[in-house]
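J.: okay, predicted coordinates and the sequence, questions at the end:
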Amino acid sequence: MNEKHWGQQVLRGVMLLALTFNGPNSAVGSETSKSRLPTPAISTAQGSLAIPGVTVTKGDSRESVMRQLSHLYELQKLKSAQGEEDSWLISEKQDSDNYVGVVSFTAGKVRRIARFRKWTQDDDSVELAQRLCDLLEKLTSERGNKASIEARTTDSGNVSIRGVELVFGDERVSVNVISRGDADSKHTEVHLDEVVQ
């Protein structure tokens, strides 16, 4: 399998996982009963997202959005695990391997718009993303997908930590970027942890 095809497969896998977590089979877990109740698959909020050159709002007409995007970007049709057939991968015209985002439509209107903030194929990044997905899949299957998010930044001289935690009751997924040392000899690492607290 060539590198381009492999990268596209990894990207599709991540997008399918994201659509799965936001799809119609999503559930909310109760801490005490751990029963699962269905949640709405699509938010009713009309949020918008800027992709360079175009601002797309949920509910915008498919025809208008596709026309604007096709002038600036290359569009490739995708299909999700839920059978959602009207989803499009957005990439740069000059470099179709440089992915920008995804747009999905239902009944001729924008249902979902995603902008990729970082796209990489290096082995360490792929392994980290796979482990994060595995961990979140485990916790959401055990506890449902209701979680709170805690973000923090601490700086104590030669050590700074920037972190985010997804909290599922007493269990959490912690992602931290830790920098040690001074300006002349700085070392940065990323930690992905499962924590019971």
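T.: Perfect, I can see it now.
J.: gap between the helix ranked longest in the chain and the chain center?
T.: Counting residues, the longest helix found in the chain (DSSP state H) is helix 123-143. What separates the centre of helix 123-143 from the centre of its chain is 12 Å, taken as C-alpha atoms, centre = their mean, to the nearest Å.
J.: same question for stretch 50-61.
T.: For stretch 50-61, the distance to the chain centre is 18 Å (C-alpha atoms, centre = their mean).
J.: now swap in stretch 48-61 and tell me
T.: Averaging C-alpha positions (C-alpha atoms, centre = their mean) puts stretch 48-61 17 Å from its chain's average.
J.: can you give me the end-to-end distance of it?
T.: 13 Å (C-alpha to C-alpha, to the nearest Å).
J.: buried ones in that stretch, by neighbour count?
T.: For stretch 48-61, the neighbour count (16 or more other C-beta atoms under 10 Å) marks 49, 51, 54, 56, 58, 60 as buried. Backbone N, C-alpha and C define where each C-beta goes, glycine included.
J.: related to what we said a few turns ago, buried stuff in the longest helix of the chain?
T.: For helix 123-143, by 16+ other C-beta under 10 Å, it's 126, 128-129, 132-133, 135-136, 139-140, 143.
J.: picking up where we left off before, a markdown table for the buried residues of stretch 48-61, including pLDDT?
T.: What follows is those, written out as a markdown table (pLDDT from 0 to 100):
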| residue | pLDDT |
| --- | --- |
| Leu49 | 87 |
| Ile51 | 89 |
| Val54 | 92 |
| Val56 | 94 |
| Lys58 | 92 |
| Asp60 | 95 |
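J.: just these now: which is nearest Asn98?
T.: Ranked by distance to Asn98 (C-beta to C-beta), those are led by Ile51 at 12.8 Å.
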